[in-house]
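>>> Sequence first, predicted model second:
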Amino acid sequence: MRNCIEKFRVKNYEVDHNGFFKPFSFLNHAQEMANVHAQSLGFGYDNLIASGVVWVLSRIHVKFDRLPLWKEELSIETWHKGNDRLFGFRDYSVKDKRDIEIISATSSWLIIDYKTRKLQRIETLIGNEFKGALAKHAIEEPASKIAKPSQLKLCNSKVVSISDIDINQHTNNARYLEWAIDSIDPEISTKAKIKELWMNFNNESLLGEKIELYYNQQKTQDSSLEIYVEGKRENISIFQVKIIS
């Protein structure tokens, strides 16, 4: 199976206060589809955990041509694009019932040792080329490293709770996007529609740890609003989010 397609209707728990499909909900679908497809190709969670290693999402870049609405029928397609020494690359395309692409994404994944949390070279585990890789792009350039603004202000903090922890025993990456959006001024977040976002997952956070959230916003040249949120544990960067709305 060289790609994986999921068809579904947007549920009420997947939308925001205005009835639009939440980017957080897209990340949840993306994570689950990544494992299902990787499993079909022989290197999903169940395949790798037997060797004591797991996939973790490192970076993602998502473009929203428009946000779907509650009850809307969608299809999400995902496929592998191959790998380099450390990163495995996976893209996504979301289409509406008219077969028009409305969301596109590219992501970069790492393999780590489940116990030591050290990075592993992909080719030593699954070879130099992914079986079933497709040479097509939803977004051609790999998700980039996010540049940090010069000025940041402390805006919020979170203590990692049991509901934040996933099967890899660390904070689920979609939670970070929720934390970032919750850190935006409600005057902005209740009206703004996300056009594009980037996320970098720099270090793990674990149950009981306190994560401080830092914020910056500025206008872009085309008058869009660029929002940056970074989560830190003391001086260690845990995650970074850049949002264009």
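Ah, there it is.

>>> CA atoms of the helix or strand encompassing residue 102 as CSV?
For residue 102, the element it lies in under DSSP states H and E is strand 101-113. Extracted C-alpha coordinates of strand 101-113, given in CSV (Å, rounded to 0.1, in the frame of the first residue of the first chain):
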residue,chain,number,x,y,z
GLU,A,101,-7.3,20.1,-1.9
ILE,A,102,-7.9,22.3,1.1
ILE,A,103,-5.1,21.3,3.5
SER,A,104,-1.5,20.2,2.6
ALA,A,105,1.3,19.2,4.9
THR,A,106,4.8,17.8,5.1
SER,A,107,6.4,16.3,8.1
SER,A,108,9.8,15.0,9.3
TRP,A,109,10.1,12.0,11.7
LEU,A,110,12.9,10.6,13.8
ILE,A,111,13.5,7.2,15.3
ILE,A,112,14.7,7.1,18.9
ASP,A,113,15.6,4.3,21.3
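
>>> show me where the protein has helices.
For the chain, the helices defined by DSSP state H cover 23-41, 45-49, 122-126, 173-182, 186-189.

>>> And the contacts of the shortest one?
Counting by CB atoms under 8 Å, 6 or more residues apart in numbering, helix 186-189 makes contact with 181, 217, 225, 227, 245, all of which sit outside it. In this view, the C-beta of every residue, glycine as well, is placed from N, C-alpha and C.

>>> most neighbours, which of those?
In terms of neighbour count, residue 227 stands highest of these at 24 neighbours, by other CB atoms under 10 Å.

>>> Now do the contacts for it.
The contact partners of residue 227, by CB under 8 Å, 6+ apart, come to 180, 184, 188, 215, 216, 217, 241, 242, 243, 244, 245.

>>> Among these, name the buried ones.
Listed as buried from the contacts of residue 227 are 180, 184, 215, 216, 217, 241, 242, 243, 244, 245; burial here means 16 or more other CB atoms under 10 Å.

>>> Can you name the two of those that sit furthest apart?
Pairwise distances across these peak at 15.2 Å for 215 and 244 (criterion: CB to CB).

>>> pLDDT added to the contacts of helix 186-189, as a markdown table?
As requested, those are exported to a markdown table (pLDDT from 0 to 100):
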| residue | pLDDT |
| --- | --- |
| 181 | 93 |
| 217 | 94 |
| 225 | 93 |
| 227 | 96 |
| 245 | 91 |
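
>>> can you pull out the strands in this protein?
4-9, 53-64, 73-83, 88-96, 101-113, 119-120, 153-159, 196-201, 210-219, 225-233, 236-244 (DSSP state E).

>>> and the helices of the chain, which is most packed in?
Scoring these by mean neighbour count under mean count of other CB atoms under 10 Å gives helix 173-182 as the most buried, with a mean of 21.
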